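Asker: Provided below are the primary sequence and the corresponding predicted coordinates.
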Amino acid sequence: MDVLVIGAGVCGLTTGICLAEAGLGVTIRAAAPPQRTTSVAAGAVWGMVRVGPPERALGWARTGLETLSKLATEPDTGVRMASGKEVSRTPLEPYVWMKLLPGLRPCEPAELPAGFTAGWHYTAPVVTMPVYLDYLRARFERAGGTLEVAAVRSLPELAGIAPVLVNCSGAGAHDLVPDPAVVPVRGQVVIAANPGIEEFYINRDDEPPWITYMFPHGDTVLLGGTNEEGAWDEEPRPYIAERIVAACSAIDPRLRGVEILEHRVGLRPCRPEVRLESEPLDGSILWHNYGHGGAGISLSWGCAAEIAAEILAQ
Ligand SMILES: Cc1cc2nc3c(=O)[nH]c(=O)nc-3n(C[C@H](O)[C@H](O)[C@H](O)COP(=O)(O)OP(=O)(O)OC[C@H]3O[C@@H](n4cnc5c(N)ncnc54)[C@H](O)[C@@H]3O)c2cc1C
């Protein structure tokens with residue numbers, strides 16, 4: 001084994017793929033398999049939310065946009081280009097990253113829900129996470145990688161197991177590193193039968209811990225959600241699900257009485273800055289790749305490519 005990657009969310013899998021496709025022997029060790037990570041709960045649209053530092057993150061996001069846009073042209077990846085809008089009750093300037101997206105334009109007044117005064121319409125990669133995670137896992141294994149489900153109790157216990165380790169443990173880095181700068185921001189979402197919604201919808205008004213959004217995924221629609229700082233609990237709470245469905249139904253009445261199929265909860269690994277750097281660990285090199293906040297799907301390919309280039313150069 002040349003590299004041991006800790007974590008099988010979107011960051012661990014993309015890092016594993018970049019290294020295995022470059023010819024290295026890679027094992028991923030993860031406490032939870034891909035379908036039981038935070039990554040599976042994501043909406044998910046390309047964008048930069050709750051992540052830093054701004055310049056570096058923008059670079060990683062650009063790589064992510066390129067890669068996801070390419071995957072959207074391939075079958076069975078779970079990625080497609082989709083249109084939708086971000087709206088607000090107060091004036092809303094487009095973010096720098098929005099300007100990279102095709103078709104960015106202000107919403108017409110008729111496109112805004114009642115009570116909203118501003119909005120931006122654009123096209124971006126939208127990812128159906130359960131399908132995408134299966135695609136990433138299969139691609140990693142096709143490149144010769146191995147995935148084992150087991151928890152790592154401490155980083156020092158891994159010294160000597162491989163010349164290079166990569167820590168992609170998401171919110172788990174809070175205890176594993178340990179890194180108190182990593183704070184979980186709990187997001188709960190509802191998966192419902194899709195009554196015919198075709199465009200995504202995001203309300204940018206800050207009403208912590210609530211945020212209202214909808215992402216159609218063919219026959220289903222993902223409804224959100226919450227941003228609960230410091231909450232570690234991963235059990236869906238029924239009153240939150242009810243409030244999410246009510247808030248989304250107020251925007252799109254087709255959702256009234258909709259069939260609920262599933263509940264998901266994820267812990268966004270928020271940190272003032274993504275930690276992407278290496279340190280020595282008892283004869284091995286330990287890379288850190290965690291703290292992607294609300295943008296891990298969008299940044300993962302950029303971060304993975306940077307780490308792979310550094311490891312291959314060494
Ligand atoms: C509701 C919601 C909506 C979101 N929407 C978007 C979006 O639209 N766009 C976007 O880009 N991002 C979005 N995000 C953010 C994105 O989901 C995260 O940034 C991303 O999933 C983090 O990926 P990760 O691989 O770092 O962590 P995770 O997916 O949490 O994976 C961590 C892995 O590490 C393993 N692990 C942890 N500790 C240990 C240990 N001690 N030993 C072994 N293994 C360990 C876990 O078992 C898991 O396999 C959203 C998140 C949520 C919750």
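Answerer: Nice, I can see it.

Asker: ok, and the closest non-adjacent residue to the most far-flung residue of the chain relative to its centre?
Answerer: Within the chain, the residue lying farthest from the chain centre (Cα atoms, centre = their mean) is Gly283, at 32.3 Å. Nearest residue to Gly283, sequence neighbours excluded (Cβ to Cβ, 6 or more residues apart in numbering): Gly160, at 6.0 Å. Quick note: C-beta positions are derived from backbone N, CA and C, even for glycine.

Asker: burial measure for that neighbour, as a count.
Answerer: In terms of burial, Gly160 registers 10 neighbours under the definition other Cβ atoms under 10 Å.

Asker: that one: which element?
Answerer: Secondary structure from DSSP states H and E places Gly160 outside every helix and strand.

Asker: for the residue farthest from the centre of the chain, give me the pLDDT.
Answerer: In this model, Gly283 is scored at 91, pLDDT.

Asker: can you tell me how far it is from Gly9?
Answerer: Counting by Cβ to Cβ, to the nearest Å, the gap between Gly283 and Gly9 amounts to 27 Å.

Asker: picking up where we left off before, phi, psi of the residue nearest to Gly283?
Answerer: phi 90, psi -10 (degrees, to the nearest 10).

Asker: the stretch 201-314 of the chain against the ligand: which residues are in contact?
Answerer: For the stretch 201-314 of the chain, the residues found near the ligand under the criterion Cβ under 6 Å from any ligand atom are 224-225, 266, 268-269, 290, 292-298.

Asker: how about a cut-off of 8 Å?
Answerer: With the criterion set to Cβ under 8 Å from any ligand atom, the stretch 201-314 of the chain comes near the ligand through 215, 224-226, 264-269, 289-300.

Asker: among these, which are in helices?
Answerer: In helices, judged by DSSP state H, the following of those are found: 296-300.

Asker: from what I see, the residue nearest to Gly283 and Ser284 are in contact.
Answerer: Yes. Shown here, Gly160 and Ser284 form a contact pair, counting by Cβ atoms under 8 Å, at 6.4 Å.

Asker: so can I have CSV of the ones in helices among the residues of the stretch 201-314 of the chain next to the ligand showing pLDDT?
Answerer: Rendered in CSV, the data for these read as follows (pLDDT from 0 to 100):
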residue, pLDDT
Gly296, 98
Ile297, 98
Ser298, 98
Leu299, 98
Ser300, 98
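
Asker: would you map the helices across the stretch 101-250 of the chain?
Answerer: Assigned by DSSP state H, counting those that start in this stretch, the helices in the stretch 101-250 of the chain fall at 129-142, 173-176, 238-251.
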